[in-house]
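A.B. asks: Using only what follows, build the 3D model:
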Amino acid sequence: MALAISSFLLLLLASITGIILSFQPLTEKIQPFRSANFDQLSLAQTIPQLRKTYPGITELTVDANHFTKVTGSSNNGGKLLAFVDPQTGKILGIPRKESEFFQWITGLHRSLFLHEIGRFFIGLTCFLLLLITVSGTILIIQRQRGLKGFFKRIVREDFAQYYHVVLGRWTLIPIFVIALTGSYLSLVRFELIKTPKISTDVDFEAIKPGPVRKATNFAFFKQTKLSDVLSVEFPFSEDVEDYYTLKLQDREVAVNQVTGEILSEVKYPTTVLLTNLSLNLHTGRASALWAIVLAIACGNILFFIYSGFAITLKRRANRTKNNYTSDESRFIILVGSENGSTYRYARAIHQGLLKAGEKSFITEINSYKIYPKAKYLLVMTATYGLGDAPTNASKFTGLLAKYPQLQAIRYSVLGFGSHSYPDFCKFAFEANNLLSHQPWAVSVTDVHTVNDKSPDDFSLWLEALSQQEGVPAINLPDDLHNVNDVGLETLSVNYNIEGARTDGMFTISLQARNKLNVTSGDLLAIYPANDHRERLYSIGVIAKEIRLNVRLQPNGLGSGFLHRLSPGEKIKARLIRNQHFHFPEDAPEVIMISNGTGIAPFLGMIDQNKKKTPCHLYCGFRESSSLDMYQDFLAASSSDKKLSNLNATFSREGNKQYVSELISRDADMVAAALNKNAVIMICGSLTMQKDVVDVLEKICQEKTGKSLAFYQSHNQIRTDCY
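C.D. replies: The predicted structure follows:
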């Protein structure tokens, strides 16, 4: 009675979710992805055929349903991810994302959305169920006056009493298996039973380059059935030091790709084998018939609760949305973002953790400090410039040294970037390296990266956290997966001018249907492929038109899309306020520095300079023809006193100068302007920005006696470069 009272609420929940989850392997097994003669196939029959059909294959996996999945790159260079016939290589289907419903139920079943605490109570409940099963069996034996009378006829006194005993006898074994395997898996989860990770240890110096054999003749491949395989990692190249890595049901093997000899073989320890067996028995993933038995057993547990109790209890609603301080939170989310887009993903995790009952705190990386109750540190950061930290993460190195944590904290780093840039997610890797050297920091995952805001990449990281640490499953908002039309503006193309220039520069003008609250220096976000990939451009606003100056990049997603637009076409885009890069109305003087792609917002600012604040425009182009189309506008602005002077230079004509050289030439004027609180604005490419900032740093040190950081901290140096 004590065991039943103390556990029936959790047993009720676990049983209901267990019934639902028993249908997951059933729905998977009915998919038509299994080869007809799967059990007879050997690796010698399958691996050569798959490698011939898919030269870019990197891995083969066989799941519990005996579905063969291949990953790698397809013949046309795309991503290869498909279920195939292992004998012919024919694609049978594409893996689908796991049902969000089953993911949610799984999280509830495993941890009640309470993370490690919830897992502890579920494990304790399994152990109590084990005790209930054993004690209930003893009571039946006592009732039936001995083990021999276990299945003798039961006297029917009333409905509940009768079926409590009858159904208990018939479902005793599956319920005992559920309780035993659940208890064992909980002990493994909390490392009370160790399951060491093993891997093959190959002696590269002993690898033989011959004799050369075909994979069809490898003795090991001939002897090994595909049904015994969990995964096969294919060699990345034909180099003899690259080898096959096979994970079988009971061991891991490394095989020479040239000779077929076994390079290394490691058998799994007993604890690993028992863990895999427990997973199969507890989930029913290996057998549809056993999954049905588990569903019936869970249903009987519900009946036992009904028949054993005459009362009902209300479940406690213990998860509410609350705000927590950093001092009381278990999850600390640090964000590094230059334009704020990374915060969307961080907030999704933050809200998901709060909904799961966790205490979560989100802040920028530069606000890092001591977190007395933190258990997890999640660092989510973009990379700015040429591999640099975003502005709100620039102090991370110093802060880590200043604030060592007082307890062990488990951390994971997620980088956001684009493979279009050479320094992809560089700062994320640097941040991970910094954390790895902290004595209090414990890594829970490798560095993960998100390319072009890919929701799939983001989900992989969440999955890794969930698998490694049991972090609650989080349902991502729809707007992280697709372009949400809410907030998008419809813009019409007025003109798209390329002119006679050969440097790839073109100017495009866009017009909104309605009046927009937008100004020069704001950002235009476009979605060229109508998916999650976003491209940002600084805009100028002249005569109520939005103007962009763009350089066509080879295979450029955004620039190519804009370049193809014709007058009259319409696009949907998002206008983003960029307050820090608006024209400084109160500045006594403004110095604008750009290259060709950054001139658009400055033209708009000059046009809106109604107060006729002294403005100096420094612009660098490749060719003089790039400046021609702006000459009339700039001349008119000079006449109206909106532009004080124009300083243009060309890197491929005449003296072949860069704009940074003009700033160095006018060092005295620049220093004097800074000393009287002038504002310097820089817009364009990151390479140009780096050169200009180096020059400004030198001017500040030599001419003003202060560092560039002083003027940056006083908002006198403003940048908007990409």
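A.B. asks: contacts and neighbour counts: CA atoms only from here.
C.D. replies: Fine.
A.B. asks: On the three-state scheme, C683 is what?
C.D. replies: Using DSSP: H, G, I helix; E, B strand; the rest coil, the structure places C683 in strand.
A.B. asks: burial of it, as a residue count?
C.D. replies: 27 (other CA atoms under 10 Å).
A.B. asks: and if you look at A346?
C.D. replies: 21.
A.B. asks: How about A543?
C.D. replies: Around A543 there are 10 residues (other CA under 10 Å).
A.B. asks: Give me the phi and psi for it.
C.D. replies: phi 50, psi 40 (degrees, to the nearest 10).
A.B. asks: Repeat that for the one 3 residues further on.
C.D. replies: Torsion angles at I546 (phi, psi; degrees, to the nearest 10) stand at phi -90, psi 120.
A.B. asks: quick one: it and S538 touch, right?
C.D. replies: No - between I546 and S538 there is no contact under CA atoms under 8 Å: 9.9 Å.
A.B. asks: Comparing those two, which residue is more hemmed in?
C.D. replies: Neighbours per residue, other CA under 10 Å: of I546 and S538, the larger number sits with S538, 29 against 25.
A.B. asks: List the contacts of the residue nearest to the more buried one when sequence neighbours are not counted.
C.D. replies: Nearest non-adjacent residue to S538, counting by CA to CA, 6 or more residues apart in numbering: L523, 4.7 Å away. Residues in contact with L523 (CA atoms under 8 Å, 6 or more residues apart in numbering) are 536-539, 575-578.
A.B. asks: now L523: how far from E430?
C.D. replies: With the distance defined as CA to CA, to the nearest Å, L523 ends up 28 Å from E430.
A.B. asks: Give the burial count for L11, as a bare number.
C.D. replies: Neighbours of L11 using other CA under 10 Å come to 22.
A.B. asks: actually R119, not the one I wrote
C.D. replies: 22.
A.B. asks: domain assignment for the chain?
C.D. replies: The chain resolves into domains spanning 2-27+100-194+274-308, 204-270, 331-480, 489-580, 582-721 when parsed by automatic domain parsing.
A.B. asks: For H66, find the nearest of those domains.
C.D. replies: Among the domains of the chain, domain 204-270 comes nearest to H66, with 6.9 Å by CA to CA.
A.B. asks: Report the distance from the closest one to the chain centre.
C.D. replies: In terms of CA atoms, centre = their mean, to the nearest Å, the centre of domain 204-270 is set 32 Å apart from its chain centre.
A.B. asks: can you redo the domains of the chain as a markdown table with mean pLDDT?
C.D. replies: Below are those laid out as a markdown table (pLDDT from 0 to 100):
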| stretch | mean pLDDT |
| --- | --- |
| domain 2-27+100-194+274-308 | 80 |
| domain 204-270 | 91 |
| domain 331-480 | 85 |
| domain 489-580 | 84 |
| domain 582-721 | 90 |
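A.B. asks: what would the ones you listed look like in TSV with distance to I94?
C.D. replies: Below are the domains of the chain laid out as TSV (distance: least, CA to CA, whole Å):
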stretch	distance to I94
domain 2-27+100-194+274-308	15
domain 204-270	18
domain 331-480	15
domain 489-580	20
domain 582-721	40
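A.B. asks: the strands in the stretch 601-722 of the chain, which residues?
C.D. replies: Assigned by DSSP state E, counting those that start in this stretch, the stretch 601-722 of the chain shows strands spanning 615-621, 645-650, 679-684, 717-721.
A.B. asks: Would you mind giving the ones you listed as a markdown table with distance to S237 added?
C.D. replies: Compiled in a markdown table, those are given as follows (distance: least, CA to CA, whole Å):
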| stretch | distance to S237 |
| --- | --- |
| strand 615-621 | 45 |
| strand 645-650 | 46 |
| strand 679-684 | 41 |
| strand 717-721 | 40 |
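A.B. asks: Nearest to A393, out of those strands?
C.D. replies: Counting by CA to CA, A393 lies closest to strand 717-721 out of the strands of the stretch 601-722 of the chain; the figure is 16.1 Å.
A.B. asks: ok, back up a step: go through the strands of the stretch 601-722 of the chain and name the closest to N65.
C.D. replies: N65 lies closest to strand 717-721 among those, at 51.2 Å (CA to CA).
A.B. asks: neighbouring contacts of that closest one?
C.D. replies: 385, 538, 580-581, 598, 679-686, 689, 711-712.
A.B. asks: From the residues you listed, list the buried ones, please.
C.D. replies: Neighbour-count burial (16 or more other CA atoms under 10 Å) is assigned, among those, to 385, 538, 581, 598, 679-686, 689, 711.
A.B. asks: can those go into TSV with extra columns for distance to C619?
C.D. replies: Compiled in TSV, those are given as follows (distance: CA to CA, whole Å):
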residue	distance to C619
G385	20
S538	16
F581	17
G598	9
V679	16
I680	13
M681	12
I682	10
C683	10
G684	10
S685	12
L686	14
Q689	12
Y711	22
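A.B. asks: Between all of those residues, which two are separated the most?
C.D. replies: S538 and Y711, at 23.0 Å, using CA to CA across the buried ones among the contacts of strand 717-721.
A.B. asks: which residues touch the residue lying closest to A408 once chain neighbours are set aside?
C.D. replies: In this structure, A408 finds its nearest non-sequential neighbour in W440, 4.6 Å apart by CA to CA, 6+ apart. Contact analysis of W440 by CA under 8 Å, 6+ apart lists 404-409.
A.B. asks: Inside strands: which ones of those residues?
C.D. replies: Using DSSP state E, the members of the contacts of W440 that fall within strands are I409.
A.B. asks: just the contacts of W440 now: which is nearest L92?
C.D. replies: Distance to L92, by CA to CA, is smallest for I409 among the contacts of W440, at 44.4 Å.
A.B. asks: Quick check: that closest one touching L378?
C.D. replies: No - contact between I409 and L378 fails when scored by CA under 8 Å: they sit 10.1 Å apart.
A.B. asks: More neighbours: these two, which one.
C.D. replies: Using other CA under 10 Å as the criterion, I409 and L378 rank with I409 on top: 22 against 18.
A.B. asks: hey, what's that one bridged with?
C.D. replies: For I409, the beta-bridge partners under DSSP bridges are A441.
A.B. asks: Against H448, how distant is it?
C.D. replies: With CA to CA as the criterion, I409 and H448 are 18 Å apart.
A.B. asks: Pick out the residue closest to the middle of this protein.
C.D. replies: In the chain, the centroid-proximal residue (CA atoms, centre = their mean) is F458; its distance is 1.9 Å.
A.B. asks: So for the helix or strand in which it is found, what gets flagged as buried?
C.D. replies: Here F458, judged by DSSP states H and E, is contained in helix 455-469. Buried positions in helix 455-469, judged by neighbour count with 16+ other CA under 10 Å: 455, 457-458, 461-466, 469.
A.B. asks: Now flag whichever of those is closest to L246.
C.D. replies: Nearest to L246 among those, with distances taken as CA to CA, is A464, at 21.8 Å.
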